[in-house]
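Student: Build me a model:
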Amino acid sequence: MFSIPGKQAVTMTDRAAAQIRKLMERDGNQGLRIGVKKGGCAGMEYTMDYATEIDPHDEVVEQEGARVMIAPMAQMFLFGTEIDYEVSLLESGFRFNNPNVEDACGCGESIKFKDIEELSAEQQG
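Tutor: Residues are numbered from 1 along each chain as shown. You can find the predicted model right below:
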């Protein structure tokens, strides 16, 4: 597991925490599990699923009663990310403000991360 002592892997804005709490209360889930997978025009996509149980290998982040679990393979890519929840006239949804993203496609659904060596050096230094 990748972590830096005393620092949460991700943070949530008040809006994101409120929405995650609402989803947890409504559906009786343990929280949301976030990760990344290959796909999209830039190479990678975020994943977000309801979590009915906490995997012992997940990084668990709790804030204001909201809980997210980070899948083991995604921890390095998501470290330092702020999760926000935005509402506009046309859409609403979670947004990831991720300092590890090097490039994103025009629609914002697909991202490209910095090289693993570069990520590792930045996060440890």
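Student: Residue 10 bridge partners, please.
Tutor: Beta-bridge pairing for residue 10 (DSSP bridges): residue 81.
Student: Return the residues in contact with it.
Tutor: Residues in contact with residue 10 (Cβ atoms under 8 Å, 6 or more residues apart in numbering) are 34, 61, 68, 70, 78-83. C-betas here are computed from N, CA, C, even on glycine.
Student: If any of these are buried, give me the PyMOL selection for them.
Tutor: Those of the contacts of residue 10 that count as buried under 16 or more other Cβ atoms under 10 Å are selected in PyMOL with:
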select buried, resi 34+61+68+70+78+79+80+81+83
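Student: Looking at the residue nearest the centre of the chain now. What's its pLDDT?
Tutor: Centroid-nearest residue in the chain, with Cα atoms, centre = their mean: residue 34, separated by 5.0 Å. Looking at residue 34, its pLDDT is 94.
Student: Repeat that for residue 29.
Tutor: For residue 29, the pLDDT comes out at 89.
Student: what's near enough to touch it?
Tutor: Listed by Cβ under 8 Å, 6+ apart, the contact partners of residue 29 are 23, 50-52.
Student: residue boundaries of the strands in the chain?
Tutor: 10-12, 31-38, 44-51, 59-63, 66-70, 81-87, 92-97, 101-104, 110-113 (DSSP state E).
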